[in-house]
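Chemist: Based on what follows, work out the 3D shape:
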Amino acid sequence: MYGKPEPGKKLFQDASDEEEHEKSFESVGLGLLLVGLLAVLFMLVIPSILSRQDGGGGETASGLRPTFTETSPTSASPLKILDYQLKRDAWFAYVEGNIRNTSAKVLGYAEVWAYFYDAAGRRIGESLANTVDLGPDMVWRFQIYYAGNKNEVSRVEVAVGSWWFR
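Modeler: Next comes the predicted model:
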């Protein structure tokens, strides 16, 4: 019959129904947070793992190898640091430079690290920049900013980080 509720069903919403809707919205929010965390994991951790499996190498202008990437002596990095320079603007110290993909393949992911030092030679910070789909023989112009006081920075070193082919 029209207008009569089925046993155990309501015709109209009440306050308890709103609480159920709020709980479902909370579940959706937690789900979105989980998806976001998985996306960050995929973008930051997976490429690093893949580069280690591929024998991803690293180099610096001073010839030192970074400690954040496992390297293989038989596997040279396809990324060549062409140049870099420490700069300052009104608010930040930063390093700017150029890196070339020397391979004949597209690099699906590439990163470069900057290590910032004070006048006493202590490392006071590090940061990275990354790019995707760097084609053969392409040059990537990067900028990496130091988050602290720009006047603390005396020098900078740059190192190629993780990379993998697409």
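Chemist: okay but S103 is in contact with S77, surely?
Modeler: No - assessed by C-beta atoms under 8 Å, S103 is found out of contact with S77, at 9.2 Å. Just so you know, the C-beta spots here come from the backbone N, C-alpha and C atoms, and that holds for glycine as well.
Chemist: which of these two has more neighbours?
Modeler: Of the pair S103 and S77, S77 is the one with more neighbours under other C-beta atoms under 10 Å, namely 25 against 18.
Chemist: How about residues contacting whatever helix or strand L86 lives in?
Modeler: Using DSSP states H and E, L86 maps to strand 79-88. Contacting residues not belonging to strand 79-88 are listed as 59-61, 93-102, 107, 110, 112, 139, 150, 153, 155-156, 158, 160, 163 [C-beta atoms under 8 Å, 6 or more residues apart in numbering].
Chemist: ok, now with 6 Å
Modeler: Counting contacts by C-beta atoms under 6 Å, 6 or more residues apart in numbering, the residues outside strand 79-88 that touch it are 94-100, 102, 110, 150, 156, 158, 160, 163.
Chemist: in the chain, which spans are helices?
Modeler: 15-53 (DSSP state H).
Chemist: Tell me where it is predicted with low confidence.
Modeler: Low-confidence segments of the chain, defined by pLDDT under 70, span residues 1-5, 8-75.
Chemist: same thing but 50
Modeler: Low-confidence segments of the chain (pLDDT under 50): 49-74.
Chemist: Just checking: what are the partner strands of the strand holding L86?
Modeler: Using DSSP bridges, strand 79-88 pairs in its sheet with strand 93-101 (antiparallel).
Chemist: Give the buried residues for the strand it pairs with.
Modeler: A93, Y94, V95, E96, G97, I99, R100, N101 (16 or more other C-beta atoms under 10 Å).
Chemist: Among the residues you listed, which one lies nearest to A120?
Modeler: Within the set of the buried residues of strand 93-101, A93 lies nearest A120; the separation is 16.1 Å, counting by C-beta to C-beta.
Chemist: beta partners for the closest one?
Modeler: Here A93 shows beta-bridge partners R88, assigned using DSSP bridges.
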